[in-house]
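In: Got a sequence here, can you build the structure:
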Amino acid sequence: VGKNLLDIAHENNIELEGACGGELACSTCHLVFDRDVFDTLPPKSDEEEDMLDLAFELTDTSRLGCQICVTKEFEGIKVRIPDDGY
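Out: Residues are numbered from 1 along each chain as shown. Predicted coordinates for the structure are as follows:
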């Protein structure tokens, strides 16, 4: 709780790149959420929208893991890591 999904993925040996180190300068921590979870997330910033435009497999429920802080309400959710196109 309180950490972003990129950091949590790295701490748990989940392959989520995060090339910029969570500085909102790439789209390599792109995640896809179920609609019901996505609808509870805080709004995207313009900078996040710009970076998501560069992501592979972009969906209506895409977000960057470095921008999503975990709350206790996240318990049990599933998040998909899209194929990076390679």
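In: Tell me how far T28 lies from L58.
Out: Using C-beta to C-beta, to the nearest Å, one obtains 13 Å as the distance from T28 to L58. For the C-beta atoms, the positions are set from N, CA and C on the backbone; glycine is no exception.
In: Neighbour count: the two, which is higher?
Out: A count of neighbours by other C-beta atoms under 10 Å puts T28 above the other of T28 and L58, at 19 against 14.
In: Number of residues surrounding the closest residue to that one other than its chain neighbours?
Out: Taking C-beta to C-beta, 6 or more residues apart in numbering, and ignoring the residues beside it in sequence, T28 has E17 as its nearest neighbour in space, at 3.7 Å. When neighbours are counted by other C-beta under 10 Å, E17 registers 16.
In: Check the residue most central in space within the chain and give its pLDDT.
Out: Nearest to the geometric centre of the chain sits G65, at 2.4 Å (C-alpha atoms, centre = their mean). Looking at G65, its pLDDT is 98.
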